[in-house]
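Novice: Pasting the sequence and the predicted model now:
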Amino acid sequence: MNAKATLFLCAGFLAAAPALAQHGGHGSAAGPYAGLQDREIKALSEEETRSLLDAQGMRMALAAELNGYPGPAHVLEHAQALALTPSQLAASRSLMEAHKAQARALGERAVAAERALDRAFAARALSEADVDRWTAEIARLQGELRASHLRTHLRQTALLTPAQVDRYQQLRGYAAGRPHGGGHR
């Protein structure tokens, strides 16, 4: 086989590789959700469930975090480098505790709603109105949870000086991508 033919075959294989990977190759009957049917809550992985119950951020506050609004968890992590005053430290801890309590409660309710929806489908006991009601409730809880995370970043930023916010951006590796002076107060 000459070099042109080899190059042509390699290019063809590379072009077809994504399609083969997506469909699992020839003869594969498994779909992209194979194995997920064994989850306790089909719509949530164990990690997602745990994150909701443990009040983890789950990237819900990225709009704030990456636009110059620090969150209390990382502010507390960098307290010394940020030279937090005793009152800033106490206020940041209090903010974090209050947020975690609220986020855990909302996360528990969101997991319970997902579990109820899953069980209703498993029992084949749903109408379209039930689906509308459950999905609206889940969406409302997800929205409340995200808003809680975002509000917490606003409140944390208000506790800091502009210089501390800039230092936070540097510590987190965001300083180069953020417009000077943007995002705080």
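Specialist: That came through, no problem.
Novice: Which strands and helices lie in contact with the helix or strand hosting residue 97?
Specialist: Element membership for residue 97, per DSSP states H and E: helix 86-122. With contacts taken as 3 or more C-beta pairs under 8 Å, 6 or more residues apart in numbering; DSSP states H and E, helix 86-122 sits against helix 46-53, helix 72-77, helix 128-158. For the C-beta atoms, the positions are set from N, CA and C on the backbone; glycine is no exception.
Novice: Give me the contact list for whichever helix or strand comes after the shortest one.
Specialist: So the one you mean is helix 72-77. Per DSSP H and E, the first helix or strand lying C-terminal to helix 72-77 is helix 79-82. Contacts to helix 79-82, defined as C-beta atoms under 8 Å, 6 or more residues apart in numbering, come from residues 75, 89, 92, 160, 164, 167-168, 171.
Novice: Would you confirm that residue 159 contacts residue 95?
Specialist: Yes: between residue 159 and residue 95 a contact is recorded at 7.3 Å, counting by C-beta atoms under 8 Å.
Novice: which regions of this protein lie under the pLDDT threshold?
Specialist: Within the chain, the segments meeting pLDDT under 70 span 1-29, 176-185.
Novice: phi, psi of residue 68?
Specialist: Dihedral pair for residue 68: phi 90, psi 20, per degrees, to the nearest 10.
Novice: Run a quick neighbour tally on it.
Specialist: When neighbours are defined as other C-beta atoms under 10 Å, residue 68 has 22 of them.
Novice: what do you get for the one 3 residues further on?
Specialist: Neighbouring residues of residue 71 were enumerated by other C-beta under 10 Å; the total is 25.
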